[in-house]
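Q: Okay, here's the prediction I keep looking at, along with the sequence it came from:
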Amino acid sequence: MGLYNFQKRFVEKILSGEKKHTIRAVRAHPDKPGNTLYLYTGLRTKAVKPLLKVKCVKIEEIVIDMQPSKGKGVLTRGLLFPHCAINGVDLSPDELESFARRDGFKDWPDMVAFWTTPKNRLPFRGNIISWCPL
């Protein structure tokens, strides 16, 4: 049974069904497909609000980090760029945009900003926990 807290910025997209997964650090007792997940906002506060009760359908490994440019141009040589891999497969620029939107962000740069500001949370290794309605 997983209990997951979400920032207010994601609530509307969760309730509309637009956001159907979350990225989390690996847990000591991880959820598995088939488990019931309880989604909340405001956990551990007086403003706690249950959002949904859903079924876990998939767990995938994710790495979000900064990697050197693969380009050979003088302007990008040696620079680090945001990178994301799911189950060991690097996402293409188009896949990054789509993935960021499915995770509740405006676009890939918005998602990168979430992971790097105000404090840099990269490199990150964790899980994508996907759900469907019960």
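A: Great, that's in hand. Numbering: from 1, shown residues only.
Q: quick one: the helices in this protein?
A: Remark: helices assigned in the chain by DSSP state H are 8-16, 93-102, 108-116.
Q: can you map out the strands along the protein?
A: Taking DSSP state E, the strands of the chain run over residues 2-6, 21-25, 36-41, 49-68, 80-86, 89-90, 124-133.
Q: for the record, mean pLDDT for the shortest one?
A: Meaning strand 89-90. Regarding strand 89-90, the rounded mean pLDDT is 96.
Q: Walk me through which strands that strand pairs with, and which way each runs.
A: Partner strands for strand 89-90, per DSSP bridges, with pairing direction: strand 80-86 (antiparallel).
Q: Between strand 21-25 and the strand it pairs with, find me the angle.
A: Counting by axes from the mean of the first three to the mean of the last three CA atoms, to 10 degrees, strand 80-86 points 110 degrees away from the direction of strand 21-25.
Q: What is the burial count for the closest residue to Asp65 other than its chain neighbours?
A: With sequence-adjacent residues excluded and distances taken as CB to CB, 6 or more residues apart in numbering, Asp65 is closest to Pro123, at 3.7 Å. C-beta coordinates here come from the backbone N, C-alpha and C atoms, glycine included. Pro123 is flanked by 12 other residues according to other CB atoms under 10 Å.
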